[in-house]
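In: Predicted coordinates and the sequence they were generated for:
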Amino acid sequence: MNTRADREEALVLELLDAVGKQSNVSQRHLASDMGIALGLANSYLKRCIRKGFIKISEAPANRYLYYLTPKGFAEKSRLTAKYLSSSFAFYRKAGDSCMDVFQKCEAQGWRRILLYGMSDLAEIATLRAHERDVQIVGILDPHTERRRFAGLPVWRNLDQAGPFDVCVLTELNSPLVSYAQLMKEIDKERVLVPDILRLE
């Protein structure tokens, strides 16, 4: 899940999508939209040109126009289908994993759940919680400035959080580091980890 190859394909898809929408886009604009350095955007653009996905032509005032080739359109479609397929697979696995955690909570009599980590997994957990006799009280995430996510309050530290019975780890970027941090703040028995995170 989320390997280097996956991230590279995601950047290529973003690039092909951006060029498909606007041919006179600058490399600086591409880099900004993709959230990457200008040099990296240039590197991906050159790679796509070499592979025949994008054609380049010079425009007045030292500007360039980028066009998707038929091969580029085909690659964009392939990557989009792959992304959607893996997204749906992740949603199903994550949803099942959250349901297992919620069953454990119900068995222990824990109804008020605090999520740790604002992520796609947290969003899936909030949706699946409606199917069980549990309530997500909010999300604890020390790395964000947001105050709400998925209709729930977001707190930056445990002192701000409302009352809860158990904390469920939903951090996707660095779950092991977050788990170690939680162990310092909450009793181990009151921290549950969905098996999709593969920490246990």
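Out: Perfect, thanks for sending it. Numbers count the residues shown, from 1 in each chain.
In: Report the buried residues of stretch 140-157.
Out: Residues of stretch 140-157 classed as buried: 140-141, 149, 152, 154-155 (neighbour count, 16 or more other C-beta atoms under 10 Å). (C-beta placed from N, C-alpha, C; glycine too.)
In: OK, contacts around the closest residue to T69 other than its chain neighbours?
Out: Setting aside the residues directly before and after it, T69 is nearest to K55 in space (C-beta to C-beta, 6 or more residues apart in numbering), at 5.3 Å. Under the criterion of C-beta atoms under 8 Å, 6 or more residues apart in numbering, the contact partners of K55 comprise 49, 66-69.
In: And L40, by the same measure?
Out: For L40, the contact set (C-beta under 8 Å, 6+ apart) comprises A31.
In: try 10 Å
Out: 11, 31, 34 (C-beta atoms under 10 Å, 6 or more residues apart in numbering).
In: Just those residues: which are in helices?
Out: Counting by DSSP state H, the part of the contacts of L40 found in helices is 11, 31, 34.
In: Kindly write the PyMOL command that selects the buried subset of those residues.
Out: Buried residues among the ones in helices among the contacts of L40 (16+ other C-beta under 10 Å), as a PyMOL selection:
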select buried, resi 11+31+34
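In: Dump the ones in helices among the contacts of L40 to JSON lines, plus pLDDT and distance to L169.
Out: Supplementary listing: the ones in helices among the contacts of L40 in JSON lines, determined by pLDDT from 0 to 100; distance: C-beta to C-beta, whole Å:
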{"residue": "L11", "pLDDT": "88", "distance to L169": "28"}
{"residue": "A31", "pLDDT": "85", "distance to L169": "33"}
{"residue": "M34", "pLDDT": "81", "distance to L169": "29"}
